[in-house]
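Colleague: Sequence and predicted model, in that order:
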Amino acid sequence: MSPQFVSADELRTRFSTGMSRMYRDEVPAYGTLLDIVETVNEQAPDAPVETASAGRLSVERHGAIRLGTARELFDMRRMFALLGMEAVGYYDLSVAGIPVHSTAFRPTSPHALARNPFRVFTSLLRLDLIASDELRAKAQSLLQARSIFTPLALDLCSRAEQIGGLTADEADVFVAEFTKTFQWHAQAPVTAALYEELLASHRLTADIVSFKGPHINHLTPRTLDIEAVQAQMPEHGIAPKAVIEGPPARQCPILLRQTSFKAIVEPVLFADGESGQHLARFGEIEQRGAALTPKGRALYDRLLDAVRADILPAGDGSNADEYRARLEAGFAAFPDDWETLRREGLAYFQYALTPEGQAAALSGGECDLDIDTLIARGLVAATPQTYEDFLPVSAAGIFASNLGDGDAAINAERSNQEAFETALGAPIADPFALYATLEARSQAECLEAFQAQAVAE
Ligand code: OOG
Ligand code: NI
C-alpha cells in the first residue's frame with residue numbers, strides 16, 4: 001500500500017477507540033465495566049493463551065450490530081474491509097428461535113490480530129421469518145426507506161476502493177462519519193402502535209426495524225478472569241446475568257466464556273409523538289481461551305449438549321449453582337492440560353523455536369526430528385492459539401438474557417448461509433481453516449529450520 005495512505009490496522013484502531021468513547025458516553029455502565037476489567041486484568045496471573053495475546057489486551061473488544069437488509073450488509077462489508085476486517089464464520093441463530101443469521105467481521109492475519117483484534121458480531125434480520133404478510137411488508141418498506149451510512153462515509157469508501165486507501169485527513173473524516181452509523185437514536189421513525197406490533201412479532205425485529213440505524217448494542221472488553229469481574233459487578237451497581245455462557249472454568253481455558261448485564265431502559269419518542277421505552281443496549285465481558293479443532297469442537301458441543309439436555313439455566317438465576325456444578329461435572333471428560341490437548345488434536349497451537357532451538361538449528365546439531373521430539377527436547381514451544389470467534393449457543397444465551405426469556409419461538413428454518421453470502425457479496429471465511437493454516441505454517445517453519453541445516457551440511 002502506498003505510504004500516503006493510513007494502514008487498515010491504524011484505521012481499525014481509531015474506529016474501535018472512537019466507538020468505545022461513544023458507547024461510554026451513551027451507556028455509562030460500560031465505562032464502569034471497562035474500569036473493573038482493567039483492574040482485574042492487572043492483577044491476573046499470566047496463562048499461556050493470555051501471554052500469547054497480552055500485548056493487545058488493553059485495546060481488545062468486540063461489538064455487536066443488527067442489520068435490516070442485504071444492501072446494508074453489502075455496504076457494511078465494504079466499510080469493514082477498509083478497516084482490515086472480513087466476514088469469518090456463519091452463525092444461524094434461527095435454530096435458537098431468533099430471527100437472524102450472523103457473521104463476525106474481524107482481522108484474520110496474525111499480525112493484524114496482534115495489532116488490534118477488534119471484531120463486530122453482525123446479524124442480518126430474516127424478514128422471511130416474520131409470520132404476517134402485512135407486517136413483513138411494513139417492515140420491508142421501513143428498512144428500504146432508511147440509509148444507515150452518511151453520504152460522506154459512502155463517498156470516502158468508494159474513493160478508497162478506487163485509489164487503494166485513505167489519506168490521513170480522509171481517514172479522520174471517514175472514521176468519524178462511519179462511527180455515526182452506530183449511534184443511538186432516541187427518535188424512532190415508527191408509530192408507537194407499529195413498534196408494539198413489531199415487538200409482538202419478535203423483540204429483535206422491533207430493535208432492528210424501528211430505528212434509523214444499527215445502534216451498537218454492546219461493546220465487550222476481554223478479561224483474564226471472568227469470575228473475578230462477575231463477582232465485582234454487583235459492588236459497582238451492575239447486575240450480571242446469573243450464569244456464565246460457554247465452557248466451565250478450567251486450568252486450560254478453551255473457546256470463550258461470556259457474561260452480560262441486562263439491557264438498559266431507554267426513552268424513545270415515536271413518530272406520532274408518543275413516548276415510550278426500548279431495551280436493547282447492554283454490557284458484556286468475555287474471557288478467551290484456546291481455539292479448538294473440529295474434533296475438539298465436536299467434543300465441546302457433545303458435552304455441552306449433554307449438560308443442557310439435563311438442565312437449562314433459568315433466566316432468573318434460580319438454578320445457577322446447580323447448572324454450574326453439572327457443567328463442571330460434564331466437562332471432566334475434556335482433557336485439561338495443554339500437552340494432551342495438543343497431542344490429541346483437540347486444540348490449535350502455534351509453533352516456534354525456543355532460544356535453545358534457535359541455537360541448535362544454527363549449529364546443525366539436530367535434524368530430521370519430528371515436532372513431538374523437538375518439543376520434548378525443549379527446542380520448539382507450542383502455544384495455544386487464541387479463539388478469535390464466537391459460539392452460537394452462547395450468543396443465543398446472550399440474546400435471550402437481554403431480550404427477555406418469554407419470546408415466542410419462531411419456526412426453525414434450515415440454515416441459509418448461501419443467502420447470507422449473496423447479500424454480503426463475498427464468501428464467509430471458515431474459522432477452522434484460518435487456525436489450521438497458521439498451525440501448519442508455524443510447524444513447517446520449525447521443521448524447515450532444522451532441515452535447512454541438514455541440507456547445508
Ligand atoms: C449479538 C449477540 C452475540 C456474542 O458475544 O456472542 C454476541 C447481539 O446481541 O446482537 O455478541
Ligand atoms: Ni457479544
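Modeller: Nice, thanks for sending it over. Numbers count the residues shown, from 1 in each chain. Ligands and ions are numbered 1, 2, ... in the order given.

Colleague: Only C-alpha atoms from now on, for both contacts and neighbour counts.
Modeller: Fine.

Colleague: A helix includes L362, no?
Modeller: Yes - read with DSSP: H, G, I helix; E, B strand; the rest coil, L362 is one of the residues of a helix.

Colleague: Break this structure into its domains for me.
Modeller: 8-289+388-426, 292-345, 349-384+430-457 (automatic domain parsing).

Colleague: Compare the ones you listed and give me the one nearest ligand 1.
Modeller: Ligand 1 lies closest, by CA to the nearest ligand atom, to one member of those: domain 8-289+388-426, at 3.5 Å.

Colleague: how long is the closest one end to end?
Modeller: Criterion CA to CA, to the nearest Å; first-to-last residue distance in domain 8-289+388-426 is 19 Å.

Colleague: okay, and the helix or strand of the chain with the least pLDDT?
Modeller: helix 48-52 (a mean of 69; mean pLDDT, DSSP states H and E).

Colleague: Can you name every helix or strand that whatever helix or strand comes next after that helix contacts?
Modeller: Using DSSP states H and E, the helix or strand that follows helix 48-52 towards the C-terminus is strand 61-67. Applying 3 or more CA pairs under 8 Å, 6 or more residues apart in numbering; DSSP states H and E, one finds that strand 61-67 contacts strand 119-125, strand 218-221.

Colleague: so what does the top helix by length along the chain touch, helix or strand wise?
Modeller: In the chain, taking DSSP state H as the definition, the longest helix is helix 431-456. Helices and strands touching helix 431-456, by 3+ CA pairs under 8 Å, 6+ apart, are strand 349-353, helix 355-363.

Colleague: where does this protein have low pLDDT?
Modeller: For the chain, applying pLDDT under 70 flags the ranges 1-3, 50-52, 365-367, 401-415, 452-457.

Colleague: Going by neighbour count, list what's buried in stretch 189-196.
Modeller: For stretch 189-196, a neighbour-count test (16 or more other CA atoms under 10 Å) marks 189-192, 194-195 as buried.

Colleague: just checking: which of those also lie near ligand 1?
Modeller: Residues of the buried residues of stretch 189-196 in contact with ligand 1 (CA under 6 Å from any ligand atom): none.

Colleague: got CSV for these, with secondary structure too?
Modeller: Below are these laid out as CSV (three-state DSSP):
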residue, secondary structure
P189, coil
V190, coil
T191, coil
A192, helix
L194, helix
Y195, helix
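
Colleague: Switch those residues over to TSV; also include distance to P355.
Modeller: TSV is the format used below for the buried residues of stretch 189-196 (distance: CA to CA, whole Å):
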residue	distance to P355
P189	62
V190	64
T191	67
A192	66
L194	66
Y195	63
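
Colleague: that older thread, now the angle from the longest helix of the chain to helix 355-363?
Modeller: Helix 431-456 runs at 40 degrees relative to helix 355-363, counting by axes from the mean of the first three to the mean of the last three CA atoms, to 10 degrees.

Colleague: so where do the strands sit in the stretch 251-400 of the chain?
Modeller: 256-261, 265-269, 275-279, 283-288, 349-353, 380-384 (DSSP state E, counting those that start in this stretch).
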